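> just need the structure, nothing else, for what follows:
(2 chains, ligands or ions: 2)
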Amino acid sequence: MMETFKLLAPLAWRNLWRNPRRTIITLFVVSVGLWSILAVASFITAWAQSSRDATLRLLIAQGQIHAEGYMDDPNISNLMPPPGAALVAALNRPDISNWVTRLELPGVVQSEYKTLPVSLVGVDPDAERRISSIPEKIVEGRYLNGLEDDSAVIGLNLAKRLKTALGRRIILMVTAEDGWLEERSFDVVGVYDADTAFEDTYIFTGRSTMQAMVGVGDKIAQIAFEVPEDAALAGVVERLRAAAPGLDIRPWRKISLIMGAMDATMGGVIFIWLAVMMVMISIGVINTQLMAVFERTHEFGLLRALGFKSRHVLWLVTFESVLLIGLGVLIGMIAGAATVWGLSDGIDLSAFGKALEAFKAGDTLYLEVKTSDYIIFPLAIWALGILVALWPAWRAQKISPVEAMRQAT
Amino acid sequence: MKAEKKPIVSCKGITKVFGKDELAVHALRSIDLDIIEGDFATLAGPSGSGKTTLLNMIGALDHPTSGQVLIDGQPLSGMSKSQLSDLRLNKIGFIFQAYNLVPVLSARENVEFVLRLLKVEANERRTRADAALAEVGLRGLENRRPSALSGGQQQRVAIARALVARPRIVLADEPTANLDSTTTGELVDLMYRLNQESGTTFLIGTHDPRVMEHSKRHIEMTDGQIESDIRA
Ligand SMILES: Nc1ncnc2c1ncn2[C@@H]1O[C@H](COP(=O)(O)OP(=O)(O)O)[C@@H](O)[C@H]1O
Ligand SMILES: [Mg+2]
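Ligands and ions are numbered 1, 2, ... in the order given. Just a heads-up that it's a prediction; the model follows:
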């Protein structure tokens, strides 16, 4: 075995460089293919993750706790009391970085010009500053100050639609505990800038103010919590479910179904790209190796006449493919890593402006080298390349030694 | 006849038919031939008379349609492909008309190649390859690739390679066809000298009169049959 290797290795390596142009083209196809897979994977992963993080940072956080039934019908009869001692203890463990309680109910907002359906959210402003990005997204005025704050913070687009502005008053109507429609006027003290759909939906006020308005005492609609590690989320959810058996506790994928689906789609895009590149690489490798084999028909015949066995020919051609594709994969990996490191300052997306707002994280995307990508994709390409190159190798080992004499005369 | 010497190659009633029915070509028609140890035999005949086909049968490169080829008394029929490879490696040296050498290997590596297949240890391999190259007059050119050698030099490398493993018989198919007359003369002299000094058996397919001048046994073929077989 070792002897065969020593016999074939130098032959294979030198054969690779007999037609440098063709070898370089194949190396190019393999390495650019792999490079693009790695780059696309990094980019899509970074994009998906940062746009997901940005969306979750607005309000959802990584997980939420509700009373059973609230998610299907978010009305006043499906509220829950504030968390008990066991749940608070569970929420304060180090695998949860932050949590807040909110009261959220559907309602109607009215200005002098218009009446629109909205969701009114009563928040604890100090806690929100740690878990939500809304306080940072105030573009006019200020965010809320404390649980008792009785003013309102509304979205930019909603302000436009209501034809209202900072310092003006709006009326909010919400169904109260007694079944009557309760209404109250609020000063607009702040306007935030998120995506349009979000801006049109959410109006914020102090939680105690809202609780008093609808007469629900200290009841709340939700607890939102944040974990430092998304990978640990499932375990955290399990732990919370054990601490609060009667409540509906969900990870973000089960809260925002669209985002869960988007998360899966991004992975799908990477695999479609992988498949396309694999087909391209396969065609390139088969083409090159078939040509290399046909050109050397006489030579394989000669080798066979000299005592080379057909399996030696099979090994030789396969070995050439192993080297060729291996080299291409290596170059592709280096190029992929270099690209990611070269862009480690971040990719500026601000040029896309409003068009990509719903997907956009911040204006800058940070790529990173994911170790598993750099093991799985190169190995997959290498294995595939060798697999498809077995066909030309098989053709080569079938060449009979008579070819040597026939072609020579 | 030197009946006391055992034949190295024995052909018994060999026929070879290429193709079928109306398209059938009878390349060999019932060939009976013994090659005896030490022979320096030439196989002559017009183009298409079956020389190459016969050499392929003897060299275990192809199967006869009927009849038997025996090398050292062993019938080739019934041997597996792998066994035939081993037989070629151990008993037969080949010299073809052209493209005899592996282009990516140097002269020395080409000669060593056969020894590598025979699993000869590295030092001995090198000593034997260099000695074989010196024997054919290529001392100093060991590291050249075939593309940097003349046609005559390439054929000398092929001879060195054919002989380095000390085969029972060297089969040469038109080894001088691509060479000028001076080079041909030198090459034939070389093969003849090797036959005389080491007793290596040669069977040379050729229609070159300069090759036939030296032959100790002259076999003439026409139309797939042996017409005459004369010892000088
Ligand atoms: N593989 C083949 N298929 C069909 N016909 C062949 C094949 N090889 C040789 N022949 C035919 O067999 C005959 C003998 O050929 P060959 O042995 O090459 O003659 P020579 O070497 O004496 O010129 C020729 O008619 C040739 O066309
Ligand atoms: Mg011929």
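
> okay, helices next: where are they in the chain?
The chain I'm using is chain A. A:2-16, A:20-55, A:85-91, A:125-131, A:156-162, A:196-201, A:207-214, A:233-243, A:252-255, A:257-295, A:297-305, A:310-342, A:371-397, A:402-408 (DSSP state H).

> hm, I was asking about chain B
B:51-58, B:81-91, B:107-117, B:122-135, B:151-164, B:181-198, B:209-212.

> which one is the residue nearest the centre of chain A nearest to, not counting chain neighbours?
Among the residues of chain A, the one closest to the centroid is A:A48, at 3.1 Å (Cα atoms, centre = their mean). Among residues not flanking A:A48 along the chain, A:M266 sits closest, at 3.9 Å (Cβ to Cβ, 6 or more residues apart in numbering or on different chains). Any C-beta I mention is one placed from the backbone N, CA and C, and that applies to glycine too.

> follow-up on the earlier one: mean pLDDT and distance to B:E186 for the helices of chain A - can I get that in CSV?
Formatted as CSV, the helices of chain A follow (pLDDT from 0 to 100; distance: least, Cβ to Cβ, whole Å):
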stretch, mean pLDDT, distance to B:E186
helix A:2-16, 89, 30
helix A:20-55, 89, 36
helix A:85-91, 94, 97
helix A:125-131, 95, 94
helix A:156-162, 96, 97
helix A:196-201, 93, 92
helix A:207-214, 95, 107
helix A:233-243, 94, 84
helix A:252-255, 88, 84
helix A:257-295, 87, 32
helix A:297-305, 90, 24
helix A:310-342, 93, 34
helix A:371-397, 91, 36
helix A:402-408, 61, 21
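
> which stretch among those comes nearest ligand 2?
Closest to ligand 2 of these, according to Cβ to the ion: helix A:402-408, at 7.5 Å.

> per-residue confidence for B:T183?
As predicted, B:T183 sits at a pLDDT of 89.

> rewinding a little: for the residue nearest to A:A48, which residues are in contact?
A:44-45, A:47-48 (Cβ atoms under 8 Å, 6 or more residues apart in numbering or on different chains).

> between those, which sits nearest A:P392?
A:I44 (33.8 Å; Cβ to Cβ).

> tally of neighbours for the closest one?
A:I44 has 17 neighbouring residues, counting by other Cβ atoms under 10 Å in any protein chain shown.

> is it true that it touches A:I272?
No. Using Cβ atoms under 8 Å, A:I44 makes no contact with A:I272, being 10.6 Å away.

> export the helices of chain B as a markdown table, with columns for distance to B:G73 and mean neighbour count.
A markdown table is the format used below for the helices of chain B (distance: least, Cβ to Cβ, whole Å; neighbours: other Cβ atoms under 10 Å in any protein chain shown):
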| stretch | distance to B:G73 | mean neighbour count |
| --- | --- | --- |
| helix B:51-58 | 14 | 25 |
| helix B:81-91 | 12 | 18 |
| helix B:107-117 | 24 | 23 |
| helix B:122-135 | 28 | 17 |
| helix B:151-164 | 22 | 24 |
| helix B:181-198 | 22 | 16 |
| helix B:209-212 | 29 | 16 |
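
> turn the ones you listed into JSON lines, columns for distance to A:T205.
Converted to JSON lines, the helices of chain B look like this (distance: least, Cβ to Cβ, whole Å):
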{"stretch": "helix B:51-58", "distance to A:T205": "98"}
{"stretch": "helix B:81-91", "distance to A:T205": "87"}
{"stretch": "helix B:107-117", "distance to A:T205": "87"}
{"stretch": "helix B:122-135", "distance to A:T205": "88"}
{"stretch": "helix B:151-164", "distance to A:T205": "95"}
{"stretch": "helix B:181-198", "distance to A:T205": "105"}
{"stretch": "helix B:209-212", "distance to A:T205": "110"}
